[in-house]
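Enquirer: One predicted model, sequence on top.
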Amino acid sequence: MSSRLADGKTIILRIELDTDRAQFGQAATAIEQARGDIVAIDVIHTDRNKSIRDLTVKIAEQGASERLTAALRSVPGIRLLHISDRTFLLHLGGKITIQPKTPIQNRDDLSRVYTPEVARVCQAIHEEPSKAYTLTIKRNTVAVVSDGSAVLGLGNIGPYAAMPVMEGKAMLFKQFADVDAFPICLDTQDTEQIITAVKNLAPAFGGINLEDISAPRCFEIEQRLRQELDIPVFHDDQHGTAVVLYAGLLNALKLTGRTLREARIVVCGIGAAGTACTKMLLAGGAQHIIGVDREGILTSERTYDNPMWQWYAENTNAERRSGGLAEALACADVFIGVSAGGILTRAHIETMAKGPIVFAMANPEPEIRPELAEDIVAVFATGRSDYPNQINNVLCFPGIFRGALDSRATTINEEMKLAAAEAIASVISDDELNRLYIIPSVFNGRIVEEVRRRVIQAAQQSGVSRRQTRE
Ligand SMILES: NC(=O)C1=CN([C@@H]2O[C@H](COP(=O)(O)OP(=O)(O)OC[C@H]3O[C@@H](n4cnc5c(N)ncnc54)[C@H](O)[C@@H]3O)[C@@H](O)[C@H]2O)C=CC1
Ligand SMILES: CC(=O)C(=O)O
Ligand SMILES: [Mg+2]
């Protein structure tokens, strides 16, 4: 069986062998020759004439599953009964469910959870609306709202196709921070309609996590909702990403003996994530940031229709550099990619300063794969779960919402974001810090607790907490 495969897509092949005509070894050889990696074998049925087995096989490249199918079909006495993809199997019927907290076993239960008794609870909330926090799911429930316009790096794939990501976010909220999150994909990409829809559904929720809404609409949608609602509204692709990027960069700079003030930083992809990352870096004292998008380096020598690009050009690139990604990268210390897969080359990185920091964070395909350049960089990070140093907003959103909900904060402000970033960075001690460990794993049990604690503290100190909470 081969070593770790680059892509790691796993399929399950159900094969039937005529035991007098073929041996299992022939199937295994055919699979290995077609560059499949058998990682598990389950015997489903066996008798004197035939044997049915499920083979779990990892495949690396596109087209490998067709090659495997052809290879198995060419072996006499072996039939391929079925082929399934473990990832698709995991999505059958969706990934989350809603469960009652108590069973309804008799009429008495029924009359208390529902009519007539429930009416007294409704009236109590009618008289004192803040009781919605104590008598409904509001205090622990977040809406994950998308319009499907910028889903991962897949682009505008619409609300139906966005659902698996939003369901995934809801799972992460629950698993890591015990927040009940519900995915809502809206069938509109009109700014006003999205704002109206979110305002209308807000009563049921303690917070709104906006997700995968493309720039520049995401900026206005978030800003308006923050003004018009009294619960936290947080665009995860902007602020969740910025918080985690900031945490990872603090540690990578420390490791490589640089300061944020002096580091020469290139941000590629000036959309939701790139803009928010830049704002957080500027607030932290960064002095040398250059932004690059499809049209090249953003510079104040030009004017832009996109107001955020105009702001960006006026607040970065003090040297007024021009050109494309290659020109921006010359002698840079840090590359931050939140753009599109595969746009950065080894040759680009070779022009950067010695021992550069490369954060290729586009999903699902990073700007460059680590195996293409990790030998020439000091620190490499991606947004993916299958490489070291995963810089992904999943390190932030569960804990920051946990803290915001527990303190019943009216908003998630700059102080709370900075507190979350410092909390994430602090989980790695100076002794532990190394090039493959600049950011803790999402499975590190300390992250959510540490983020929650510091976020509650920041909410209280900045006056947005509505509840005294144990930190
Ligand atoms: N690792 C993480 O935690 C996160 C990663 N991302 C990833 O970052 C990427 C961008 O996400 P968003 O900011 O939400 O999307 P967005 O659509 O708001 O912004 C993307 C920006 O990248 C630019 N871009 C696309 N191709 C480019 C190229 N070849 N060169 C330069 N710029 C290019 C676009 O013009 C746009 O301005 C996606 O791949 C997404 O999956 C986003 C949020 C979190
Ligand atoms: C991680 C994430 O939110 C994204 O790639 O869009
Ligand atoms: Mg996202």
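Expert: Nice, thanks for sending it over. Residues are numbered from 1 along each chain as shown. Ligands and ions are numbered 1, 2, ... in the order given.
Enquirer: wait, does the helix or strand hosting Tyr160 contact ligand 3?
Expert: Per DSSP states H and E: Tyr160 is located in helix 158-177. No: residues of helix 158-177 are not located near ligand 3 by Cβ under 5 Å from the ion, the shortest gap being 6.9 Å. Yep, even glycine has a C-beta here, placed from its N, CA and C like the rest.
Enquirer: Same question for that helix: list its buried residues.
Expert: For helix 158-177, the buried set under the neighbour-count rule, 16 or more other Cβ atoms under 10 Å, comprises 158-159, 162-170, 172-173, 176-177.
Enquirer: Same question for stretch 192-205.
Expert: Applying a neighbour-count criterion of 16+ other Cβ under 10 Å, one finds 194-195, 197-198, 202, 205 buried in stretch 192-205.
Enquirer: Can you tell me which of those is closest to ligand 2?
Expert: Sorting those by how near they are to ligand 2, with Cβ to the nearest ligand atom, puts Ile194 at the top with 17.2 Å.
Enquirer: Kindly present the buried residues of stretch 192-205 as CSV, with separate columns for pLDDT and secondary structure.
Expert: Compiled in CSV, the buried residues of stretch 192-205 are given as follows (pLDDT from 0 to 100; DSSP: H, G, I helix; E, B strand; the rest coil):
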residue, pLDDT, secondary structure
Ile194, 98, helix
Ile195, 98, helix
Ala197, 98, helix
Val198, 98, helix
Ala202, 98, helix
Phe205, 98, coil
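Enquirer: Adding distance to ligand 1 as columns, could you present the residues you listed in CSV?
Expert: As requested, the buried residues of stretch 192-205 are exported to CSV (distance: Cβ to the nearest ligand atom, whole Å):
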residue, distance to ligand 1
Ile194, 15
Ile195, 18
Ala197, 20
Val198, 18
Ala202, 23
Phe205, 22
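Enquirer: Nearest to Ala247 among the residues you listed?
Expert: Nearest to Ala247 out of the buried residues of stretch 192-205 is Phe205 (Cβ to Cβ; 26.8 Å).
Enquirer: Correct me if wrong: the closest one contacts Asp230.
Expert: No: at 11.5 Å, Phe205 and Asp230 do not qualify as touching, with contact defined as Cβ atoms under 8 Å.
Enquirer: Buried residues of stretch 366-377, list them for me.
Expert: Residues of stretch 366-377 classed as buried under the neighbour-count rule (16+ other Cβ under 10 Å) are 366-370, 373-374, 377.
Enquirer: Start and end of it, how far apart?
Expert: With Cα to Cα, to the nearest Å as the measure, the first residue of stretch 366-377 is 15 Å from its last.
Enquirer: What of stretch 423-436?
Expert: In terms of Cα to Cα, the two terminal residues of stretch 423-436 are separated by 19 Å.
Enquirer: Give me the buried positions along that stretch.
Expert: By neighbour count, with 16+ other Cβ under 10 Å as the criterion, the buried positions of stretch 423-436 are 423-428, 435.
Enquirer: swap in stretch 116-130?
Expert: Buried residues in stretch 116-130, counted by 16+ other Cβ under 10 Å: Ile125.
Enquirer: what's the answer for stretch 347-366, then?
Expert: Across stretch 347-366, burial judged by 16+ other Cβ under 10 Å covers 348-349, 352-353, 356-363, 365-366.
Enquirer: Which members of those occur in strands, if any?
Expert: Secondary structure defined by DSSP state E assigns 357-360 of the buried residues of stretch 347-366 to strands.
Enquirer: where exactly do the helices run in the stretch 101-250 of the chain?
Expert: Defined through DSSP state H, counting those that start in this stretch, the helices belonging to the stretch 101-250 of the chain, from first to last, are 107-113, 118-127, 132-135, 158-177, 191-201, 217-228, 241-255.
Enquirer: what's the closest of the ones you listed to Val145?
Expert: helix 191-201 (5.8 Å).
Enquirer: Check which helices and strands the closest one sits against.
Expert: Packing partners of helix 191-201 (3 or more Cβ pairs under 8 Å, 6 or more residues apart in numbering; DSSP states H and E): strand 141-146, helix 217-228.
Enquirer: Let me see the ranges of the helices in the stretch 251-400 of the chain.
Expert: Under the criterion DSSP H, counting those that start in this stretch, the stretch 251-400 of the chain carries helices at the ranges 272-283, 307-315, 325-329, 346-350, 397-406.
Enquirer: okay, these, which one's buried deepest?
Expert: helix 397-406 (a mean of 28; mean count of other Cβ atoms under 10 Å).
Enquirer: what about that one and ligand 3, touching?
Expert: No: in terms of Cβ under 5 Å from the ion, no part of helix 397-406 sits within range of ligand 3; the closest distance is 9.6 Å.
Enquirer: Moving along the chain from that helix, name the first helix or strand you hit.
Expert: Per DSSP H and E, helix 397-406 leads on to helix 414-426 as the next helix or strand towards the C-terminus.
Enquirer: Do you know the pLDDT at whatever residue of the stretch 151-300 of the chain ends up closest to ligand 2?
Expert: Of the stretch 151-300 of the chain, the residue with the smallest distance to ligand 2, taken as Cβ to the nearest ligand atom, is Leu152 at 4.3 Å. The per-residue pLDDT reported for Leu152 equals 91.
Enquirer: Identify the residue spatially nearest to it, adjacent ones excluded.
Expert: Asn363 (4.3 Å; Cβ to Cβ, 6 or more residues apart in numbering).
Enquirer: quick one, what contacts the one you found?
Expert: With contact set as Cβ atoms under 8 Å, 6 or more residues apart in numbering, Asn363 has these partners: 152-153, 383-384, 392.
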